[in-house]
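task: produce atomic coordinates for the following.
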Amino acid sequence: QVQLVESGGGLVQAGGSLRLSCAASGRAFRMYIVAWFRQAPGKERDFVAAISWTNTYYADSVKGRFTISRDNNKNTVHLQMNSLKPEDTAVYYCAATTTPFDRAPQSYDYWGQGTQVTVSS
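Numbering: from 1, shown residues only. All right, here's what the predicted structure looks like:
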């Protein structure tokens, strides 16, 4: 079992930066693939980025702007978001799974409550 808590969301102007954090409780955190998803009003929940023990994965829309990292000693995953755009506005969710990497949200067993990111133009 893993419990996830996101933090770091907020309001930022276009071109600005935010750093999201996902704090995990539970055993064997380093065995989990941890991902960030986002969901804008009226839209589906979309994959943003994920990190395994050795690899990172990104959606094309954020590649080069967002960086995912993890600190297994602190059971934390971060999402550094730079050059933010209004279309990045969404609720951002942290999710975890022990299955092989997949971009589908249905593949993730554990979810945080979400944190709002709003980018003004």
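
for the residue nearest the centre of the chain, list each beta-bridge partner.
With distances taken as C-alpha atoms, centre = their mean, the residue of the chain nearest its centroid is residue 36 (2.2 Å). Applying DSSP bridges to residue 36 yields these beta-bridge partners: residue 49, residue 94.

quick check: it touching residue 45?
No - the pair formed by residue 36 and residue 45 falls short of the contact definition of C-beta atoms under 8 Å, at 10.7 Å. (C-beta placed from N, C-alpha, C; glycine too.)

what touches both of those two?
Listed as contacting both residue 36 and residue 45 by C-beta atoms under 8 Å, 6 or more residues apart in numbering are residue 93.

so who does residue 21 touch?
The contact partners of residue 21, by C-beta under 8 Å, 6+ apart, come to 6-8, 76-79.

just give me the closest of these to residue 66.
Residue 66 lies nearest to residue 79 out of the contacts of residue 21, by C-beta to C-beta, at 6.1 Å.

what's the closest non-adjacent residue to the closest one?
Leaving aside its sequence neighbours, residue 79 sits nearest to residue 20 (C-beta to C-beta, 6 or more residues apart in numbering; 4.3 Å).

so who does the one you found touch?
Listed by C-beta under 8 Å, 6+ apart, the contact set of residue 20 reads 6-9, 36, 78-79, 81, 92, 94, 115, 117.

filter the contacts of residue 21 down to the buried ones, PyMOL style.
Selection of buried members from the contacts of residue 21 for PyMOL, criterion 16 or more other C-beta atoms under 10 Å:
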select buried, resi 6+8+76+77+78+79
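
could the contacts of residue 21 go into JSON lines alongside distance to residue 51 and secondary structure?
Putting the contacts of residue 21 into JSON lines (distance: C-beta to C-beta, whole Å; DSSP: H, G, I helix; E, B strand; the rest coil) gives the following:
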{"residue": "6", "distance to residue 51": "15", "secondary structure": "strand"}
{"residue": "7", "distance to residue 51": "17", "secondary structure": "strand"}
{"residue": "8", "distance to residue 51": "16", "secondary structure": "coil"}
{"residue": "76", "distance to residue 51": "11", "secondary structure": "strand"}
{"residue": "77", "distance to residue 51": "6", "secondary structure": "strand"}
{"residue": "78", "distance to residue 51": "9", "secondary structure": "strand"}
{"residue": "79", "distance to residue 51": "9", "secondary structure": "strand"}
